[in-house]
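*Asks:* the following block contains a protein sequence and its predicted model.
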Amino acid sequence: MNGSDIVISVDAAVLLRVARREAGLTQAEVARRAGIPQPVLSMYERGTREPSVAAANRILAGLGKTLTARPAPRRLDDHAAAVQLEAVLGLADAMPFGPRRQALEFPPLPPA
């Protein structure tokens, strides 16, 4: 793992168990569809073994589901946002403005 990795904790055991039960399938059927041994699926569902993302995707695909990651919506604190905006506008007002610089003019290029 490096500094750019994002780690989000999800209870894979609950996720897999609930998805399988909602599909009305046995562990044996899901394991067959996912191409993993049934005892391994059982360990995943009990939480005694953690599936890789690839394994979780295979299991969910066997259930006709997909695992999708998307950012959670940020909740804005209106008061905090107003305070930050006021600070930024205050900084902008305090910026010293000088006369506009004239565009640089270059002599024409010699004929080719």
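*Replies:* Received the coordinates, thanks.

*Asks:* any low-confidence regions in the chain?
*Replies:* Counting by pLDDT under 70, the chain contains low-confidence ranges at 1-9, 72, 97-104, 112.

*Asks:* which stretches in it count as helices?
*Replies:* Ranges of helices within the chain are 12-23, 27-34, 38-46, 53-62, 78-94, based on DSSP state H.

*Asks:* can I get these in JSON lines with distance to R70 and mean neighbour count?
*Replies:* Backbone N, C-alpha and C define where each C-beta goes, glycine included. Shown next, in JSON lines, are those (distance: least, C-beta to C-beta, whole Å; neighbours: other C-beta atoms under 10 Å):
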{"stretch": "helix 12-23", "distance to R70": "16", "mean neighbour count": "17"}
{"stretch": "helix 27-34", "distance to R70": "23", "mean neighbour count": "18"}
{"stretch": "helix 38-46", "distance to R70": "23", "mean neighbour count": "17"}
{"stretch": "helix 53-62", "distance to R70": "15", "mean neighbour count": "17"}
{"stretch": "helix 78-94", "distance to R70": "23", "mean neighbour count": "9"}
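
*Asks:* looking at those, which is closest to E105?
*Replies:* Among the helices of the chain, helix 78-94 comes nearest to E105, with 30.7 Å by C-beta to C-beta.

*Asks:* which residues touch the closest one?
*Replies:* Taking contacts as C-beta atoms under 8 Å, 6 or more residues apart in numbering, no residue outside helix 78-94 touches it.

*Asks:* okay, it in PDB with CA atoms only?
*Replies:* C-alpha atoms of helix 78-94 as PDB (Å, rounded to 0.1, in the frame of the first residue of the first chain):
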ATOM      1  CA  ASP A  78     -23.400  25.800   5.600                       C
ATOM      2  CA  HIS A  79     -21.900  27.800   8.500                       C
ATOM      3  CA  ALA A  80     -18.400  26.500   7.900                       C
ATOM      4  CA  ALA A  81     -18.600  27.100   4.200                       C
ATOM      5  CA  ALA A  82     -19.800  30.700   4.800                       C
ATOM      6  CA  VAL A  83     -16.900  31.300   7.200                       C
ATOM      7  CA  GLN A  84     -14.400  30.000   4.600                       C
ATOM      8  CA  LEU A  85     -15.900  32.000   1.800                       C
ATOM      9  CA  GLU A  86     -15.800  35.200   3.900                       C
ATOM     10  CA  ALA A  87     -12.100  34.500   4.700                       C
ATOM     11  CA  VAL A  88     -11.300  34.000   1.000                       C
ATOM     12  CA  LEU A  89     -13.100  37.200   0.000                       C
ATOM     13  CA  GLY A  90     -11.300  39.100   2.700                       C
ATOM     14  CA  LEU A  91      -8.000  37.900   1.300                       C
ATOM     15  CA  ALA A  92      -9.000  38.900  -2.200                       C
ATOM     16  CA  ASP A  93      -9.900  42.400  -1.000                       C
ATOM     17  CA  ALA A  94      -6.600  42.700   0.800                       C
END
